[in-house]
Each structure stands twice: as C-alpha cells, then as structure tokens.
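>>> Sequence plus the predicted model coming up.
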Amino acid sequence: MQRITLEELQKFGKTFSLSKQAIALVNQQKATWELAAANYRSLRQVYTRSFDFNHFRIDCQFNPGRIRSTAANTAAEAIQTRPCFLCAENRPPEQVGIEAEKECTILCNPFPIFPYHLTIVSEAHTPQQLTGRVPLLLKLCYDLQEFTLFYNGARCGASAPDHFHFQAGVKNILPVEEEIGYLLKHQSDSLIELPEIKIRAVENFLRRVLCFESAQPEALVFWLEKTLQLLQKPGETEEPMLNLLGSYENGSWRILLFPRSAQRPWQYFAEGEEKLLVSPATVELGGLVILPREEDFSRITADDLTDIFGQVTLPSADFDQLKQALRETTKTSEK
Ligand SMILES: [Zn+2]
C-alpha cells in the first residue's frame, strides 16, 4: 500500500482536514509524477463550449486525455483479462494515496476533468455496487467538504466496474451544482416532505433526477436504499443503472440520483459522419460533456445533446412509476 505520510504531505499544502490533505496530495503528485503533471497542465488549456437552454446549460469540454475512459471497454471479458488499475499492486509506483474511512484510499486521478480530481478506491478488489455503501458515501461527503463526490454505476461510466470506487472533484465546476437551487425552487415535484428528509424530482432539463436533502444520515440511508430497490428490475442481479452526485454543506447532505436507461447513445457506436464519441457518466449528467475527439467537440449541436440525454436518462413513464412508488412508501411508513 503506497500511502504518503502527513509529514511529506505538509510540504505541499495544509493538512488540517481531509479536503486539505487531498488538495496537498494532488499538488504532491503534480510535483513528482510526470504523467499527472502533464495532464493537469493540459487541463488548464482545455476548450469549452457552452450551450444555453434558458434555465440550464450544458458545457462541452474538449479533453483528449480522457479518451481511455470514454472509450473504455467495460465488457466482462475485457475486464477479466486486464490487470486492475485500481488495485494497489498494479498502480504506478509514483501514485501514492491517503487513507479515508479505514477501508478506502484517496488517489489523485491522473486523467483530470477538474483542477483537483480524486479517485477514492476501496482497498479490496470488490465490484462497483452502491447497496450497503450509502453510509460510506455520506461519511466521505462529510470528510471532503470542499469536494463533490460522484458515483458511476458499473454500467454507467465506471471504467473499473470490478473495483469499487468513488470519484470527487472540487465543488462548483459542474453546471448542475449552480442550477439545482433554482430548479428545486421553480421546476421540481415534491415527493417526500418529512421533518427528517425532503425528496424532490426534477425532469425538464434533458435529464431526470431525484434530489435527497437531509441532515440525518439514517434517513438518507433508508430512502436511498429504498430507491435502489425500487429501481431494481425483477430478475436482474446487476445494480440498477445510475449516476449519483453527493455533497455536504451547512449541516446537511444533498444527493442527486440520476436513474439511467442506457450506457451509451447510438452515436457512440456509429461510424463516419454520424459518430460522436460521448459516453455519459456522472460528470455528463451533471451538465459537463467530455469530448476526447476534436471533431466531435467542433460539430456537436444542442439537438445532438438533447438526443443523447434523451437516450440515456430514465424514460418519463418509468420515472413516473418510480415517483409514485416513492410517494406510496411514505404512506406505508406513516401507517
Ligand atoms: Zn482491483
């Protein structure tokens, strides 16, 4: 296990909180690991195009360094035959980490989308699955208050679906982080309004999302686990398709859960002029679309984005069913 000491970390920044330690870690990695240094340098020059949809926006980022993630082959055979890049024994010797919540290690992501981009990996090689790990998610959000945590489901953007991990980026880079306050106030549908938790749905921004807000971890664990169960299709053993963003601020947690219906849009598999190499994961659902190919970045349109999001988000009828099931859960628990 390549862990860095606090003493070493102090040379690269403040260390009084886990957020500060994580920031110092990224600084240390940029200073000592050429691959990370080069990729963080290129991030400063990425091009962004912004599409204005009135009450929200979608940013597109041209980021060639992300090609390996966007085009990752996550088919079971490919995963089984490659050495897992999140296991400690296979990590590059330059990559060091810091402990978080005993069972995890915080690493600097060497292929960044954010100026401070972390991968938080389980020490054990165990499948990407959220069930049973909501308490861990909440603790990490609390420990890393300068960051927004994100979870890519095994079939929704995780490039290592066989090794449990979260990612985190410094707060307020994703458009949805700016917009959610307005959307909740003016465009949301209230599903659960209890003293301990509020659950609201937002759906007229190309995506459908459930927003859970609470200061009580037990309530969040109950309702998030319940939602995972409701999303589970009968007979299916794999985790339901989803992306999730979590953060802690002013004494409470906010979790955004994006239920999904497809891993990749048809444009990903198309050839020639119709091809757009875009593989939506949590960052994309958060309103930041990563395009590793310059030709896609130059020609993508607002109509393409509408079409792509429409394919990968949960369809309206299924979302209505989910909302209804959540509302009925309140009634049951009130009896
Ligand atoms: Zn592994």
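In hand now; what should we look at?
>>> and this structure, which of its residues are near the ion?
Taking Cβ under 5 Å from the ion as the contact definition, the chain meets the ion at 84, 86, 87, 125, 163. (Glycine included, C-beta is placed from N, CA and C.)
>>> And the furthest pair within those?
Farthest-apart pair in the residues of the chain next to the ion is 86 and 125; separation 7.8 Å (Cβ to Cβ).
>>> The two: which is more packed in?
The neighbour count for residue 86 versus residue 125, taken as other Cβ atoms under 10 Å, is higher for residue 86 (20 against 16).
>>> Quick check: closest non-adjacent residue to the more buried one.
Once flanking residues are discounted, residue 86 sits nearest to residue 163: 4.1 Å by Cβ to Cβ, 6 or more residues apart in numbering.
>>> State the three-state secondary structure for the one you found.
Per DSSP: H, G, I helix; E, B strand; the rest coil, the local secondary structure of residue 163 is coil.
>>> Show me the shaky parts of the stretch 1-150 of the chain.
The model of the stretch 1-150 of the chain has pLDDT under 70 over residues 1.
>>> can you pull out the strands in the stretch 151-300 of the chain?
When assigned using DSSP state E, counting those that start in this stretch, the strands of the stretch 151-300 of the chain occupy the ranges 165-170, 188-194, 197-202, 209-214, 242-249, 252-259, 288-291.
>>> May I see those strands arranged in JSON lines, with mean neighbour count and mean pLDDT as well?
Output for the strands of the stretch 151-300 of the chain, formatted as JSON lines (neighbours: other Cβ atoms under 10 Å; pLDDT from 0 to 100):
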{"stretch": "strand 165-170", "mean neighbour count": "23", "mean pLDDT": "98"}
{"stretch": "strand 188-194", "mean neighbour count": "15", "mean pLDDT": "97"}
{"stretch": "strand 197-202", "mean neighbour count": "22", "mean pLDDT": "98"}
{"stretch": "strand 209-214", "mean neighbour count": "22", "mean pLDDT": "98"}
{"stretch": "strand 242-249", "mean neighbour count": "22", "mean pLDDT": "98"}
{"stretch": "strand 252-259", "mean neighbour count": "22", "mean pLDDT": "98"}
{"stretch": "strand 288-291", "mean neighbour count": "24", "mean pLDDT": "96"}
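>>> Would you mind telling me which of those strands is nearest residue 272?
Closest approach to residue 272 among the strands of the stretch 151-300 of the chain (Cβ to Cβ): strand 288-291, 17.0 Å.
>>> So in that sheet, which strands flank the closest one, and in what orientation?
Counting by DSSP bridges, the strands paired with strand 288-291 are strand 57-62 (parallel).
>>> List the buried residues in the partner strand.
57, 58, 59, 60, 61, 62 (16 or more other Cβ atoms under 10 Å).
>>> So what touches that strand?
Strand 57-62 is contacted from outside by 46-51, 113, 175, 179, 206, 287-292, 294, 297, 300, 302, 305, using Cβ atoms under 8 Å, 6 or more residues apart in numbering.
>>> Toward the C-terminus, what is the element adjacent to it?
Using DSSP states H and E, the helix or strand that follows strand 57-62 in sequence is helix 67-70.
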